[in-house]
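In: Have a look; sequence and predicted model below, questions after that.
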Amino acid sequence: MEEEDQQKVSDLIKELVLRLLSQNPTSNPHPIDRNSSEFRNSLRYAVRILSSRMTPSITPDASAIAETIKRRLATQGKSSQALTFAELYTKFTSKTGPGGVNNKWAVLYLLKILAEDRKAAKTQFDSSVLLPNLALNDAQTGINSRVSRSLGSKDKGWKNGVLLVSKDPENRREIAFREFVNLVKEENEVCEEVLVRDVLYACQGIDGKYVKFDKNADGYILSDLVKIPRATRIMVRKLSELGWLFRKVKGYISESMDRFPAEDVGTVGQAFCAALQDELSEYYKLLAVLEAQSMNPIPLVSEKVSSDNYLSLRRLSVWFAEPMVKMRLMAVLVDKCRVLRGGAMAGAIHLHAQHGDPLVHEFMRRLLRRVCSPLFEMVRSWVLEGELEDIFAEFFVVGQPVKAESLWRDGYRLHAGMLPSFISQSLAQRILRTGKSINFLRVCCEDRGWADAATEAAAAAGTTTRRGDLGYGETNALESLVDEAAKRIDKHLLGVMYKQYKFKEHCLAIKRYLLLGQGDFVQYLMDIVGPELSEPANTISTFKLAGLLETAIRSSNAQYDDHDILDRLRVKMMPHGTGDRGWDVFSLEYDARVPLDTVFTESVMARYLRIFNFLWKLRRVEHALIGAWKTMKPNCITSHSFTKLQGAVKLQLLSTLRRCQVLWDDMNHFVTNLQYYIMFEVLEVSWSNFSSEMDVAKDLDDLLAAHEKYLHSIVEKSLLGERSQTLCKSLFVLFDLILRFRSHADRLYEGIQELQASRTMESSLSSREKSKLLRLSSDKASEPGSWISDGRKALTQRAGDFFRSMGQELDAVAKEYSSLLEGFLSQLPVQQHVDLKFLLFRLDFTEFYSRSGPGL
Amino acid sequence: MDPDAARTARESLDLAFHMSNLLDTGLDRHTLSVLIALCDLGLNPEALAALVKELRREPQHSSSPPTYAAPSSLP
């Protein structure tokens, strides 16, 4: 039996060998001969192999083998085939009995091995096909490699100089990766994870194991002693920039916080620090997440990526892109704002916010919103409540303690250095004015109604009077709030000024009394006070003058005026030296109390005084001329009493009288026209302009400006300005001359009266009475009084002499007058003011002067 | 053989052939049947697999005859 078996075995082997040989695709085309040497060789070889291994190396467990095969199929992804195989296997095993395969396990094992080999062979063939050179080489180098391979296929062997550590040498990709890993391990002393962690520490300002802060180089650097490839070094350096920036920002924050107790840093600075700290806390969050991730090991390139996120230097640089931009911005801002405070800081930061990048823009907007909130708060409280809560001097409105009367003009001003650049100059002016108005109302006018106006304004602007509603970026809202508040407060203020304090009425009163608008009052005053004022200044008592003022008021229409106004009118004696007459030092004064004295300040009142002086002088001259006119009535003169005079004297008398009359006319014409010009062209016109401007004035500043303009125009036009100094002087000289004329005229007429009296007396009285009269009249110092003592001849002679002398004096006066007037008139056209040309026109209406004098 | 046995044998061979195709061994029916017979007779499947592998790579092998000792005779 055994022999049979043996024979069977050998037959089968022969058969197998034959089949296999013929099966070979690369074998020679003609069929294998049983008796060829090839065949015999193969047979011998086959027997050798078969006899070398008698026992199998594994336990004959069919199911286990089947399982292995199934798993292999499944892992190869051929799960359907695995199922099919399972099915087949079960069927296979069920076939027991005669005809069935006994050693099922053997069959299975055989199949398994063949399949594996086949698969391996296939891949090898593929690579040979792809790399023809390699195949050729293999063919040339001959069998040796093949043999060695066949021998050592299951053992470690050398392949192309690379140590094979894996069971299957065909995975070239894996080989390459392993090669790379080894290279990396050789080059880097420190592994990447440690570097990543160090960089993360550096980005928080802490020195890591290898990355430390170097004061000399001012940066985080990797020590040169550590062996790391250049690329990694550069990357670490780039990422450490973030650490440097962080250090700078953090340094600034801690520095500022140290200065807080010293009250060196303002509210804006504090807000800036707070905003920076918020941004940094976001940054810390990111770093925390990254640190958690950095704990995961960085997988090698060959391994599959695990589900955990790991952190490599490259990934870190991607993570850090955005924080780097933000941190750089913050560092730039920190540098800029180190020395600034308050509104200047806000303005500087705002300039940096003008950026096109939306990330930067958004970041800056957030930052600025916080930084500017104290500023906006200050604006809000200033505009709505008039409160200036500025401990650190950061606001652009600066207040200083002043008296109530200069609160408006000097109490508050703008500090341009603290004005942030997003608030325009006009808006700042409006803000200043609104707050100033509230303070003015509160302090000077003692008015409480402004609070309602403020709440109204806030409601109208859409915000409330509570804190924290306005922010940066809402400059429009701020502007509208300020506008609304300004509108209402201004209106309220003007209302208070007009109604409660009767600003207009007071202005009118000043015009009537100080600017001599109330004609009848002035006339009475002049009449009463005139004789008093001729005395030397130091003998006049103010008290008496005050009493006279009262009398004048009561006897004119001024008595019907408001008592409050009349109370404020007073007499004032200016400081005088010796030799001054009352006329030079007398003036009226108007007492404007708070709050009107913001308009009528000291300097303003001084100007009013100057104008008053001028007008008073003018009036006095007018008054004098009128007085002279009163005595010049022709009826007294051309009475029949003079018919007895000699012809020559009569002629003289008449001519003198005539000359006097002519001179008087001249002077009167001049004074009247000047008076008219001043009263109407200057005062009334300016007043009407001022009045109309008062009506359209929107706030106190406008009022002040209008009043200023009013006064200025008066001063300019009435020749009191600086440009008309010479003109003014000549005018005063003219006035003096006119007054001198008055005294001459007085004397003349006195003399004529005397003459007349003496003549009538002569004709009607006895000598005894004459002598009496003589004695009486001898008390008089004037010469004509002694006429009566003489006879008729002497009288005539005396009269002649008198008239001659008077005539001469009058001539002198007339000459002087005409020359002065000429001088005055010649200067008029040179003046630049348009209205003075009108004066000239009036004065020289008939062109009398321009024809007579060559200068005009 | 009785027809049942023959049928069983045939079916077994079919199944084995199917399995071998699944596993992509590249064996044809006849070779497989010979191999199964040899396995049944008790030969070592490892050796058989090695033999198959070697004989498959015949072309290079046959160019230069390997030097080895004289084959021992079959027991």
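Out: Nice, thanks for sending it over. Numbering: from 1, shown residues only, chains lettered A, B, ... in the order given.
In: what about stretch A:530-537, how long is it end to end?
Out: 13 Å (C-alpha to C-alpha, to the nearest Å).
In: Likewise for stretch A:309-325?
Out: OK, stretch A:309-325 end separation, C-alpha to C-alpha: 24 Å.
In: Not counting its own residues, what contacts it?
Out: Contacts with stretch A:309-325, where a contact means C-beta atoms under 8 Å, 6 or more residues apart in numbering or on different chains, come from A:192-193, A:195-196, A:199-200, A:203, A:232, A:235-236, A:238-239, A:241-242, A:245, A:283, A:286, A:290, A:293-294, A:296-299, A:359-360. All C-beta atoms are positioned from the backbone trio N, CA, C, and that covers glycine.
In: The residues you listed, buried ones only, as a PyMOL selection?
Out: PyMOL command restricting the contacts of stretch A:309-325 to the buried ones, with burial defined by 16 or more other C-beta atoms under 10 Å in any protein chain shown:
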select buried, chain A and resi 192+193+195+196+199+200+203+232+235+236+239+241+242+245+283+290+293+294+298+360
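In: Now intersect the contacts of stretch A:309-325 with the helices, please.
Out: A:192-193, A:195-196, A:199-200, A:232, A:235-236, A:238-239, A:241-242, A:245, A:283, A:286, A:290, A:293-294, A:359-360 (DSSP state H).
In: tell me which strands and helices the host helix or strand of A:Val733 is in contact with?
Out: Using DSSP states H and E, A:Val733 falls within helix A:725-764. The contact analysis (3 or more C-beta pairs under 8 Å, 6 or more residues apart in numbering or on different chains; DSSP states H and E) places helix A:725-764 against helix A:602-631, helix A:634-637, helix A:647-676, helix A:767-778, helix A:792-827.
In: worst average pLDDT in the ones you listed?
Out: Across the helices and strands packed on helix A:725-764, helix A:767-778 has the smallest mean pLDDT, namely a mean of 50.
In: Could you list the low-confidence segments of chain B?
Out: The model of chain B has pLDDT under 70 over residues B:1, B:58-75.
In: And the pLDDT at A:Ala331?
Out: Predicted confidence (pLDDT) for A:Ala331: 91.
In: next one: the one 10 residues further on
Out: The predicted local confidence for A:Arg341 comes out at a pLDDT of 80.
In: ok, it - how many residues close by?
Out: 20 (other C-beta atoms under 10 Å in any protein chain shown).
In: need the contact list for it.
Out: A:Arg341 neighbours (C-beta under 8 Å, 6+ apart): A:265-266, A:268-269, A:392-394.
In: Can you tell me which of those is closest to B:Asn44?
Out: A:Gly269 (91.8 Å; C-beta to C-beta).
In: my guess is the closest one meets A:Ile253, correct?
Out: No: counting by C-beta atoms under 8 Å, A:Gly269 does not reach A:Ile253; the two are 10.6 Å apart.
In: Who has more neighbours out of the two?
Out: Ranked by neighbour count (other C-beta under 10 Å), A:Gly269 and A:Ile253 place A:Gly269 first, with 22 against 18.
In: mind checking the SS state of that one?
Out: Under DSSP: H, G, I helix; E, B strand; the rest coil, A:Gly269 falls in the helix class.
In: Give me the pLDDT for it.
Out: pLDDT recorded at A:Gly269 is 85.
In: just checking, A:Asn309 is part of a helix?
Out: No: A:Asn309 is assigned coil when assessed by three-state DSSP, not a helix.
In: So what's the residue count around it?
Out: Counted with other C-beta under 10 Å, A:Asn309 comes out at 13.
In: Against chain B, how distant is it?
Out: A:Asn309 sits at a distance of 41 Å from chain B (criterion: C-beta to the nearest C-beta, to the nearest Å).
In: if I look at that residue, how far off is A:Thr232?
Out: A:Asn309 sits 21 Å away from A:Thr232, going by C-beta to C-beta, to the nearest Å.
In: Repeat that for A:Ser223.
Out: Taken as C-beta to C-beta, the span from A:Ser223 to A:Thr232 is 13 Å.
In: now do A:Tyr310
Out: A:Tyr310 is 16 Å from A:Thr232, by C-beta to C-beta.
In: And the helices and strands packed on helix A:725-764: which comes nearest A:Pro536?
Out: So among those, helix A:602-631 is nearest, using C-beta to C-beta, at 16.7 Å.
In: Just list what that closest one packs against, helices and strands only.
Out: helix A:519-533, strand A:586-590, helix A:647-676, helix A:700-717, helix A:725-764.
In: can you give me the angle the last one makes with helix A:602-631?
Out: It refers to helix A:725-764. 30 degrees (axes from the mean of the first three to the mean of the last three C-alpha atoms, to 10 degrees).
In: relative to helix A:647-676, how tilted is helix A:725-764?
Out: Using the same axes, to 10 degrees: helix A:725-764 against helix A:647-676 is 140 degrees.
In: Flag every buried residue along helix A:725-764.
Out: Result for helix A:725-764 [16+ other C-beta under 10 Å]: buried residues A:727-728, A:730-731, A:734-735, A:737-742, A:744-745, A:747-749, A:751-752, A:754-755, A:757-759, A:761-762.
In: Stretch B:13-32 too?
Out: B:13, B:15-20, B:22-23, B:25-27, B:31-32.
In: Heading C-terminal from the longest helix seen in chain B, find the next helix or strand.
Out: Ordering each helix of chain B by length in residues (DSSP H) puts helix B:3-22 first. Next helix or strand after helix B:3-22 toward the C-terminus (DSSP H and E): helix B:29-40.
In: Report how many residues lie close to A:Lys698.
Out: 12.
In: Next one, pLDDT for the closest residue to it other than its chain neighbours please.
Out: Excluding the flanking residues, the one nearest A:Lys698 by C-beta to C-beta, 6 or more residues apart in numbering or on different chains is A:Asp490, at 5.6 Å. Here, the pLDDT recorded for A:Asp490 equals 83.
In: what number of residues lie near A:Asp490?
Out: Neighbours of A:Asp490 (other C-beta under 10 Å): 21.
In: Name the secondary structure element that contains it.
Out: helix A:475-495.
In: contacting residues around that helix?
Out: A:376, A:379-380, A:383-384, A:422-423, A:427, A:430-431, A:433-434, A:437-438, A:440-441, A:445, A:447, A:449-450, A:453-454, A:456-458, A:460-463, A:470, A:697-700, A:703.
In: now, which of these lie within helices?
Out: For the contacts of helix A:475-495, secondary structure assignment (DSSP H) places A:376, A:379-380, A:383-384, A:427, A:430-431, A:433-434, A:437-438, A:440-441, A:450, A:453-454, A:456-458, A:460-461, A:700, A:703 in helices.
In: ok, the nearest residue to A:Phe803 once chain neighbours are set aside - contacts?
Out: In space, and not counting its chain neighbours, A:Phe803 is closest to A:Gln652: 4.1 Å by C-beta to C-beta, 6+ apart. Counting by C-beta under 8 Å, 6+ apart, A:Gln652 makes contact with A:799-800, A:803-804, A:807.
In: Sweet, I'm off.
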